[in-house]
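Student: here's my sequence, what's the structure:
(chains A and B)
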Protein chains: 2
Amino acid sequence: MTKPLYLDDLKIGLQLESPTFTVTEGDVRRFALEFDPQPFHLDESEAMRSIFGGLAASGWHTAAITMRLLTSGGLPLAGGIIGMSVQITWLKPVRPGDVLRVVSTVQDIKRSKSKRQGVATVMSETQDKFGGVAQRLLSKLLVTAREAETSSN
Amino acid sequence: MTKPLYLDDLKIGLQLESPTFTVTEGDVRRFALEFDPQPFHLDESEAMRSIFGGLAASGWHTAAITMRLLTSGGLPLAGGIIGMSVQITWLKPVRPGDVLRVVSTVQDIKRSKSKRQGVATVMSETQDKFGGVAQRLLSKLLVTAREAETSSN
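Tutor: Residues are numbered from 1 along each chain as shown, chains lettered A, B, ... in the order given. Sure, this is the predicted structure:
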């Protein structure tokens, strides 16, 4: 596990990789039952006849797993991972058995003038073990700056 | 519960309202433990000292509850709710005890030329019982068209 990163430690282009998480059929159905009980997330034969062509995790489940991977070392920010806004694109279905990993790249950094923090724009790709991208998540995150460095400016 | 809506039934400005869902402290902690185990989603005293000023649901939990409300009558689309991409903005924390409701407004409709479907852009606001907006979700959704109407064009 990497040392927590402050705003000052981020550079444009910095890339971070999460551990992996294996999605089970039980997970897919349990999440769907609670939050997205549509047939293509619950029933294999209905899913076969749908646009997904087989049982697929809810996109919101993929998003939640992505957050789990970001908080499990994928994006070790000192003040925590605090999103203000995000854009999500779902590119391919996540299936039971998929082994997911999140690769995040820092795209922009804006330090706030008045506060000891700033906003980082981070692109997080949720990939299967073959590198296929299931989800692209572009996040604007509130990131804590090192007080000492801020004071010396 | 409204009759399922096809692409042909959607008009720009059409507004739909979901049932309500009451968030419990147990829900907030359980979701956070599984997907977003950060102190401000788990521990009241840590949350008091954080930017949230008290226990707050994960934004991903708010998003998942929003989907639950959309699939529970909030957005009764004939082919199901199939998102291609979304933008989310989190405006205020969701707290245990909050009673959430989702108000969705159709913003744009694009019928595909070749297929019996189209893309609808829908803004869904997740509001507390005082009308305070906790989350704004702008979704591009794949929506099924009525075959008969498509054939007659």
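Student: how near is the spatially most central residue of chain A to chain B?
Tutor: Taking C-alpha atoms, centre = their mean, the centroid of chain A lies closest to A:T66, which sits 3.5 Å from it. To chain B, A:T66 is 9 Å away according to C-beta to the nearest C-beta, to the nearest Å. From N, CA and C alone the C-beta is placed, and that goes for glycine too.
Student: quick one, what contacts that residue?
Tutor: A:L100, A:V102, A:S124, A:T126, A:Q135, A:L137 (C-beta atoms under 8 Å, 6 or more residues apart in numbering or on different chains).
Student: repeat the analysis, applying 7 Å as the threshold.
Tutor: A:T66 sits next to A:V102, A:S124, A:T126, A:Q135, A:L137 when contact means C-beta atoms under 7 Å, 6 or more residues apart in numbering or on different chains.
Student: ditto for A:E44
Tutor: A:L55 are the contacts of A:E44 under C-beta under 7 Å, 6+ apart.
Student: ranges for the strands of chain A?
Tutor: A:15-22, A:82-90, A:99-111, A:117-127, A:133-144 (DSSP state E).
Student: if you count neighbours, what's buried in the second one?
Tutor: Same thing as strand A:82-90. Neighbour counts over strand A:82-90 (16 or more other C-beta atoms under 10 Å in any protein chain shown) mark A:I82, A:G83, A:S85, A:V86, A:I88, A:W90 as buried.
Student: doesn't A:Q135 make contact with the last one?
Tutor: Yes: applying C-beta atoms under 7 Å as the test, A:W90 and A:Q135 come out as touching, 5.5 Å apart.
Student: next, A:A57: phi, psi?
Tutor: phi -70, psi 150 (degrees, to the nearest 10).
Student: pretty sure it contacts A:G97?
Tutor: No: applying C-beta under 7 Å, one finds A:A57 not in contact with A:G97, separated by 10.9 Å.
Student: ok, these two, which is more surrounded?
Tutor: Each of A:A57 and A:G97 has its neighbours counted (other C-beta atoms under 10 Å in any protein chain shown); A:A57 has more, 28 against 12.
Student: related to what we said a few turns ago, tabulate the strands of chain A (a markdown table), appending distance to B:G131 and mean pLDDT.
Tutor: Below are these laid out as a markdown table (distance: least, C-beta to C-beta, whole Å; pLDDT from 0 to 100):
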| stretch | distance to B:G131 | mean pLDDT |
| --- | --- | --- |
| strand A:15-22 | 38 | 98 |
| strand A:82-90 | 21 | 98 |
| strand A:99-111 | 31 | 97 |
| strand A:117-127 | 28 | 97 |
| strand A:133-144 | 25 | 98 |
